[in-house]
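**Student:** fold the following for me, if possible:
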Amino acid sequence: MFIADTHADTLFAMGVAHTLHPAITPERLRRGGVTLQTLALWTGPQGNGGDVAGIIQAELEALPALTAAGLKQVDGPDEAIEGECAFMLSVEGGEVFEAGLHTVADFRRLGVRIAALTWNHPNAIGQPAKSGSDDGLTSYGIQVVKEMQRLGIAADVSHLNKAGFWDLFAKGDRPPMASHSCVRALCEHFRNLDDDQLRAMIQYGGYVGVNFYPAFLREDGQADVRTVAEHIDYICQLGGSEIVGLGSDFDGIECAPRNLEHPGDLPNLWNELRRMGYSEAAIEGIAGGNLRDYFRRLA
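**Tutor:** Below is the predicted model of the structure:
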């Protein structure tokens, strides 16, 4: 089965935080049968108030340890081979693009295929959901998005505010994705997507990778593998069975759902979906097939 996860902060954990026991390891990826793991180049907890360039460099310097362990970098899901384990790069935080439009091409040359326009701080592109701002994308932000889409980088709405979200549909020319977001109807949190946003993703062929962070899954934070399956199921019941997948946020979350604590536990999620009545074909779409189809729509 082709299994893909659209968000993890393992490079920050390895290269900056120097975490001794990251959730994602090559052994756990293989145990869970993961074909493609997206690894974020995060701009850091201070946004453009911190050392963005230094953090990104440290994260890039963590990559050789993974390639030495047999993980191969690919430029998209179609290059990943089922039965092997590969990674793809993303960006989390549009601060990396503030120096000019040429920076979009610079990151594309590194192999970046997904870029979250904000993290939790405002930047030159737009406003995060956390800010509560009603401002949409800036004029420069729209230029950045169009350049991303021209070069084949998916615009990621995870962390972006609602006005920016809707700007992507009104002013972009490719469907966006949410690399690691959950369902607001099931857990009222500013980071989660409401039904109107989910319906837009479904209508226009976007993609939603469900986040495993317990605080986004249940308001009391008491989440297990069943809770993750319920968020997936909610999107499917809205009509999104072909646009939903996984966005674990492993190594960016301080705790994980019970029985879904690292990639090696992913078989528990497939078993939970089977108990909920999902067919093998539907599970294969959720596991990674939907992401592969999404990137084909970006072409």
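
**Student:** quick one, what contacts residue 167?
**Tutor:** 126, 136-137, 141-142 (Cβ atoms under 8 Å, 6 or more residues apart in numbering). (C-beta placed from N, C-alpha, C; glycine too.)

**Student:** go again using 7 Å as the cut-off
**Tutor:** By Cβ atoms under 7 Å, 6 or more residues apart in numbering, the contact set of residue 167 is 136-137.

**Student:** so it, which of the three states?
**Tutor:** helix (DSSP: H, G, I helix; E, B strand; the rest coil).

**Student:** now the strands for the stretch 1-150 of the chain?
**Tutor:** With DSSP state E, counting those that start in this stretch as the criterion, the stretch 1-150 of the chain has strands at 4-5, 36-42, 72-73, 86-92, 112-116.

**Student:** dump these into a markdown table; add mean pLDDT as well.
**Tutor:** Below are the strands of the stretch 1-150 of the chain laid out as a markdown table (pLDDT from 0 to 100):
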| stretch | mean pLDDT |
| --- | --- |
| strand 4-5 | 98 |
| strand 36-42 | 98 |
| strand 72-73 | 98 |
| strand 86-92 | 98 |
| strand 112-116 | 98 |
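
**Student:** how near is the most centrally placed residue in the chain to residue 284?
**Tutor:** Closest residue to the average C-alpha location of the chain: residue 179 at 2.4 Å, with Cα atoms, centre = their mean. Computed as Cβ to Cβ, to the nearest Å, the residue 179 to residue 284 distance reads 20 Å.

**Student:** over to residue 205?
**Tutor:** The gap separating residue 205 from residue 284 is 18 Å, by Cβ to Cβ.

**Student:** just give me the neighbour total for residue 163.
**Tutor:** 14 (other Cβ atoms under 10 Å).

**Student:** what do you get for residue 19?
**Tutor:** Using other Cβ under 10 Å, residue 19 has 14 neighbouring residues.

**Student:** ok, the one 4 residues further on next?
**Tutor:** In terms of burial, residue 23 registers 23 neighbours under the definition other Cβ under 10 Å.

**Student:** next: residue 169.
**Tutor:** Other residues close to residue 169 by other Cβ under 10 Å number 16.

**Student:** so what's it closest to, chain neighbours aside?
**Tutor:** Excluding the flanking residues, the one nearest residue 169 by Cβ to Cβ, 6 or more residues apart in numbering is residue 200, at 5.8 Å.

**Student:** wait, doesn't residue 252 sit right on residue 11?
**Tutor:** No - contact status for residue 252 versus residue 11: not in contact, 10.4 Å apart, counting by Cβ atoms under 7 Å.

**Student:** neighbour count winner among those two?
**Tutor:** Neighbours were tallied for residue 252 and for residue 11 using other Cβ under 10 Å; the higher tally belongs to residue 11 (28 against 20).

**Student:** contacts only, for the more buried one.
**Tutor:** So residue 11 contacts 39-41, 59, 62 (Cβ under 7 Å, 6+ apart).

**Student:** tell me where the stretch 51-200 of the chain has helices.
**Tutor:** 52-60, 63-68, 102-109, 139-151, 162-171, 195-204 (DSSP state H, counting those that start in this stretch).

**Student:** and those helices as TSV, adding mean pLDDT and distance to residue 77?
**Tutor:** Below are the helices of the stretch 51-200 of the chain laid out as TSV (pLDDT from 0 to 100; distance: least, Cβ to Cβ, whole Å):
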stretch	mean pLDDT	distance to residue 77
helix 52-60	98	22
helix 63-68	97	18
helix 102-109	98	16
helix 139-151	98	17
helix 162-171	97	21
helix 195-204	98	18
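
**Student:** dump these into JSON lines; add distance to residue 224 as well.
**Tutor:** Shown next, in JSON lines, are the helices of the stretch 51-200 of the chain (distance: least, Cβ to Cβ, whole Å):
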{"stretch": "helix 52-60", "distance to residue 224": "31"}
{"stretch": "helix 63-68", "distance to residue 224": "29"}
{"stretch": "helix 102-109", "distance to residue 224": "36"}
{"stretch": "helix 139-151", "distance to residue 224": "36"}
{"stretch": "helix 162-171", "distance to residue 224": "29"}
{"stretch": "helix 195-204", "distance to residue 224": "23"}
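
**Student:** gap between the two ends of stretch 253-270?
**Tutor:** Its first and final residues considered, stretch 253-270 spans 22 Å by Cα to Cα, to the nearest Å.

**Student:** need the contact partners of that stretch.
**Tutor:** So stretch 253-270 is contacted by 3, 23-24, 28-29, 31-34, 212-214, 217, 223-225, 227-229, 250, 283, 287 (Cβ under 7 Å, 6+ apart).

**Student:** generate a ChimeraX selection restricted to the buried entries among those residues.
**Tutor:** Of these, the buried ones go into a single ChimeraX selection, burial set by 16 or more other Cβ atoms under 10 Å:
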select :3,23,24,28,29,32,33,34,212,213,214,217,223,224,225,227,228,229,250,283,287
